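Peer 1: Next comes the sequence, and after it the predicted model I'd like to discuss.
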Amino acid sequence: MTYDLFEHRHRFAIWAAARAAQRGFASVAVLRGALEATDIVQFARDPESLVTDQTAFEAHHRVWCRDVIRRLKQKGIANVTFGRAAKLVAIYLKAMIVIGPHEATSLASVAHPPIDRILLRGLAASAIDYPQKAKWRGATWTTLDEKTYYDLVADLRNILAKGEPFWRLEQYWTVEDD
């Protein structure tokens, strides 16, 4: 293996994703193994993957999250949820693609932002006028199942202006949880 910039970024992205999704759940090593057992690394390395749309991305996203869940359950990890797998995937792609060298690609525009309590509370406290807004404050990302996760993603996409990149939603996320 050549230690190049991709590998350097990959290691950081794995660490950041695992630490963000960890929350007393599983070790960085186990989460790394689960993520690397998917084809997300090859996907991130393939320049053709950078040109995608929401539908194609979400098909990949579902497979990655389901594969992560399956791998973690095989390792005997308890409390495995779609929300936890989705955050692992989102942070990885954020570090590798969205804030990496491919921020202007269609993949960067459609990739899901990391959904967590800080983002959901920030959205709930914002001036956004949306019918589902009251539910966001009480939503717990660590317990989201697949259907609830994608329903939430659909709601969150609807609050952005047409064509606006999905990462822009993170303006409602802060580095501190006050």
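Peer 2: Thanks, I have it.
Peer 1: hey, C-alpha coordinates of the helix or strand bottoming out on mean pLDDT in the chain in PDB?
Peer 2: The least trusted helix or strand in the chain, going by mean pLDDT, DSSP states H and E, turns out to be helix 133-138, with a mean of 90. Taking Å, rounded to 0.1, in the frame of the first residue of the first chain, the C-alpha atoms of helix 133-138 are listed here in PDB:
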ATOM      1  CA  LYS A 133     -40.100  21.100  12.800                       C
ATOM      2  CA  ALA A 134     -41.400  20.400  16.300                       C
ATOM      3  CA  LYS A 135     -40.400  16.700  15.900                       C
ATOM      4  CA  TRP A 136     -36.800  17.600  15.300                       C
ATOM      5  CA  ARG A 137     -36.000  18.800  18.800                       C
ATOM      6  CA  GLY A 138     -37.000  15.400  20.300                       C
END
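Peer 1: so how far is it from its chain's centroid?
Peer 2: Computed by C-alpha atoms, centre = their mean, to the nearest Å, the separation of helix 133-138 from the middle of its chain amounts to 19 Å.
Peer 1: which residues touch the helix or strand following that helix?
Peer 2: Sequence-wise, the next helix or strand downstream of helix 133-138 (DSSP states H and E) is helix 146-158. Outside helix 146-158, the residues that touch it by C-beta atoms under 8 Å, 6 or more residues apart in numbering are 54, 58, 62, 65-66, 82-83, 86, 112-113, 115, 123, 130, 132, 136, 139, 144, 166, 169. (C-beta placed from N, C-alpha, C; glycine too.)
Peer 1: Show me what counts as buried in helix 146-158.
Peer 2: Buried residues in helix 146-158, counted by 16 or more other C-beta atoms under 10 Å: 146, 149-150, 152-153, 155-156.
Peer 1: One more: stretch 13-21?
Peer 2: Along stretch 13-21, these residues count as buried under the neighbour rule (16+ other C-beta under 10 Å): 13-18, 20-21.
Peer 1: so how far is it from its chain's centroid?
Peer 2: On the basis of C-alpha atoms, centre = their mean, the separation between the geometric centre of stretch 13-21 and that of its chain is 10 Å.
Peer 1: Residues contacting it, please?
Peer 2: Applying C-beta under 8 Å, 6+ apart, the set of residues contacting stretch 13-21 is 27-28, 31-32, 35-36, 84-85, 87-92, 94-96, 114, 116.
Peer 1: residues contacting the residue nearest the centre of the chain?
Peer 2: Per C-alpha atoms, centre = their mean, the C-alpha nearest to the average position across the chain is that of Ala90, at 1.7 Å. Under the criterion of C-beta under 8 Å, 6+ apart, the contact list for Ala90 reads 17, 111-115.
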